[in-house]
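Asks: Here's a sequence, model it:
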Amino acid sequence: MFEGFTEEIVDGAGARIFLRRAGPPDAPALLLLHGYPQTSAMWHLVAPSLARRFQVVCPDLRGYGRSEKPPSDAQHLTYSKRAMADDMVAVMAALGHPTFFVGAHDRGARVAQRMGLDHAERVAALALLDIAPTREMYANTTAAFAEAYWHWFFLIQKAPLPETLIGKDPEAFWKLKCFNQAGGTNPFADEALAEYLECFADPAAIHATCEDYRAARTIDIVHDDEDGDAGLRVPTLILWGRDGVVERCFDALALWRLRAEEVQGEALPGGHYLAEETPKEIIARFEAFFSEQLQKKGAAA
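Replies: I've put the predicted structure just below:
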């Protein structure tokens, strides 16, 4: 995977971040963020093609993969999307990218949303895969959503309940959650799956990723509420799976139009893991959207 990419560790805002990167040195930067319970390996079918036109950076979020897993706190601030977004801004600055595009999936897309709110001057545009806004998803919870996204309500339970149960057989839990979310199939390449399972077997990763969800239910919503009527001010593309839970349980575009000033999007063939199920579609959509933003910027200059 990731032929031609370098691997390194870079200081974030409060955690050391593992990343893969490649691309022409004079090209615009593109940060790709993964979801739960995966790593940057989820971009292995997408990143090499995008690296022909962009400087692509694929990090593991704090608490995930080979990135640092700092101790959490009673308010779950350590794993708030604000803290995780601050990591990414610090990493991109350290790599020499004062502004950059972001493509993100699942939990990474929630980090990207917060980054676009807190660091709008750094984020040139966002492309988010298969999410609606966290606060609105909780507020509009139905029995159908709770049944399909049972892990949302399991992982937020007080420690060490989910950690203990997951820790008994991390591989079985990972496959149960992810294969179920892929319609009972396995859309993952062998090498990527091996990385996911190896990294998730670490008890520190299990705890940190539970904290990610606990933060989403608590401090992240506090931060959202503190924004008031302020929404994303950066151009935003929303793509979700036509066969997935977001399509079935939410009006994703309508919810995003409550939270973003300039948003477009549509459902694509596939389920939750679009970058691994339909990578050619994601490559094409990302290239078209980010290139359009570059053209607009050039025309305005």
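Asks: Enumerate the positions of the strand or helix carrying Phe289 that are buried.
Replies: Element membership of Phe289, judged by DSSP states H and E, is helix 279-300. For helix 279-300, a neighbour-count test (16 or more other C-beta atoms under 10 Å) marks Pro279, Glu281, Ile282, Ile283, Arg285, Phe286, Glu287, Phe289, Phe290, Gln293, Leu294 as buried. (Each C-beta comes from the backbone N, C-alpha and C, glycine too.)
Asks: In this structure the fourth one contacts Ala47, no?
Replies: To tie it back to what came earlier, the one meant is Ile283. No - using C-beta atoms under 8 Å, Ile283 is not in contact with Ala47, being 9.3 Å away.
Asks: could you pull out the strands for the chain?
Replies: Assigned strands in the chain, in chain order: 6-11, 16-22, 29-33, 55-59, 100-105, 123-129, 236-241, 263-268 (criterion: DSSP state E).
Asks: Quick check: which of those strands is nearest to Gly167?
Replies: Gly167 lies closest to strand 16-22 among the strands of the chain, at 22.5 Å (C-beta to C-beta).
Asks: neighbouring strands for the closest one, and are they parallel or not?
Replies: strand 6-11 (antiparallel), strand 55-59 (antiparallel) (DSSP bridges).
Asks: so which of these comes closest to Trp240?
Replies: strand 55-59 (21.2 Å).
Asks: shaky segments in the chain?
Replies: For the chain, the stretches flagged by pLDDT under 70 are 301.
Asks: Quick check, central residue of it?
Replies: Closest residue to the average C-alpha location of the chain: Gly108 at 1.5 Å, with C-alpha atoms, centre = their mean.
Asks: you'd agree that one is up against His34?
Replies: Yes - counting by C-beta under 8 Å, Gly108 touches His34, with 5.1 Å between them.
Asks: looking at it, Ile17 is touching Glu7, isn't it?
Replies: No - the criterion here is C-beta under 8 Å, and Ile17 misses it with Glu7 at 11.6 Å.
Asks: quick one: which of the two has more around it?
Replies: Neighbours were counted for Ile17 and for Glu7 using other C-beta atoms under 10 Å; Ile17 has more, 27 against 12.
Asks: And the more buried one, how close does it get to Gly35?
Replies: Distance, Ile17 to Gly35, using C-beta to C-beta, to the nearest Å: 16 Å.
Asks: Next: Ile282.
Replies: Ile282 sits 13 Å away from Gly35, going by C-beta to C-beta.
Asks: any chance of the buried residues of helix 279-300 in TSV, with distance to Trp150 too?
Replies: TSV is the format used below for these (distance: C-beta to C-beta, whole Å):
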residue	distance to Trp150
Pro279	28
Glu281	28
Ile282	26
Ile283	32
Arg285	29
Phe286	30
Glu287	35
Phe289	32
Phe290	35
Gln293	37
Leu294	41
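Asks: buried ones in stretch 188-202?
Replies: Neighbour-count burial for stretch 188-202, counted by 16+ other C-beta under 10 Å, picks out Phe188, Ala192, Leu193, Glu195, Tyr196, Cys199, Phe200, Asp202.
Asks: Residues in contact with it: which ones?
Replies: Applying C-beta atoms under 8 Å, 6 or more residues apart in numbering, the contact partners of stretch 188-202 are 1, 37-39, 41-42, 44-45, 60, 64-66, 69, 170-171, 174, 178, 186, 205-206, 209, 273, 276.
Asks: Just the buried residues of those residues.
Replies: 37-39, 41-42, 44-45, 60, 64-66, 69, 170, 174, 178, 205-206, 209, 273, 276.
Asks: okay, the strands paired with strand 16-22, which one's buried deepest?
Replies: Greatest average neighbour count among these goes to strand 55-59 (a mean of 27), per mean count of other C-beta atoms under 10 Å.
Asks: Distance from the chain centre to that strand, please.
Replies: Remark: strand 55-59 is offset 13 Å from the chain centroid, using C-alpha atoms, centre = their mean, to the nearest Å.
Asks: ok and that strand relative to strand 100-105, angle-wise?
Replies: Interaxial angle of strand 55-59 relative to strand 100-105 (axes from the mean of the first three to the mean of the last three C-alpha atoms, to 10 degrees): 50 degrees.
Asks: Also compute the angle for strand 55-59 relative to strand 29-33, please.
Replies: Going by the same axes, to 10 degrees, strand 55-59 makes 20 degrees with strand 29-33.
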